[in-house]
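> only the shape, not the letters, is given here:
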């Protein structure tokens, strides 16, 4: 078998799981229910948020909040992020960081 399989959890509860952590890419899987959020933080690589279910509410730096469904949202390096679910339906999305933050830091120091 040539391919590598990374499985992710299907859940109704809040979930943050690391799926892939190679030098090329870091991929995390997140589920947030209504009024749940991630801690405010700064992007530590090029970040792509892939929304697969529900509505992502995101505030970047000092901008107004925006909402996205069935979208891929690119967040540039060193951008302040506030990610939450303000809607009734569960929010499910994948966080793709390319390259992995440790490699991005090495290349850009």
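Ah, there it is. For clarity, every value in this text was computed on a predicted model and none was experimentally measured. Numbering: from 1, shown residues only.
> quick one: secondary structure of the residue nearest to residue 41 when sequence neighbours are not counted?
For residue 41, ignoring the flanking residues on the chain, the nearest one in space by C-beta to C-beta, 6 or more residues apart in numbering is residue 81 at 6.1 Å. C-beta coordinates here come from the backbone N, C-alpha and C atoms, glycine included. At residue 81, secondary structure determined by DSSP: H, G, I helix; E, B strand; the rest coil is strand.
> who touches residue 81 in this structure?
Residue 81 is in contact with 38, 40, 41, 42, 43, 47, 58, 59, 60, 75, counting by C-beta atoms under 8 Å, 6 or more residues apart in numbering.
> now do residue 43
Neighbour list for residue 43: 75, 76, 77, 78, 79, 81, 97 [criterion: C-beta under 8 Å, 6+ apart].
> residue 21 too?
Contact analysis of residue 21 by C-beta under 8 Å, 6+ apart lists residue 100.
> pLDDT weak spots in this structure?
Within the chain, the set of residues satisfying pLDDT under 70 comprises 109.
> now stretch 35-54: buried residues?
Across stretch 35-54, burial judged by 16 or more other C-beta atoms under 10 Å covers 36, 38, 43, 45, 47, 48, 49, 50, 51, 54.
> and those as JSON lines, adding distance to residue 5?
Formatted as JSON lines, those follow (distance: C-beta to C-beta, whole Å):
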{"residue": "36", "distance to residue 5": "28"}
{"residue": "38", "distance to residue 5": "26"}
{"residue": "43", "distance to residue 5": "28"}
{"residue": "45", "distance to residue 5": "24"}
{"residue": "47", "distance to residue 5": "24"}
{"residue": "48", "distance to residue 5": "21"}
{"residue": "49", "distance to residue 5": "23"}
{"residue": "50", "distance to residue 5": "18"}
{"residue": "51", "distance to residue 5": "23"}
{"residue": "54", "distance to residue 5": "25"}
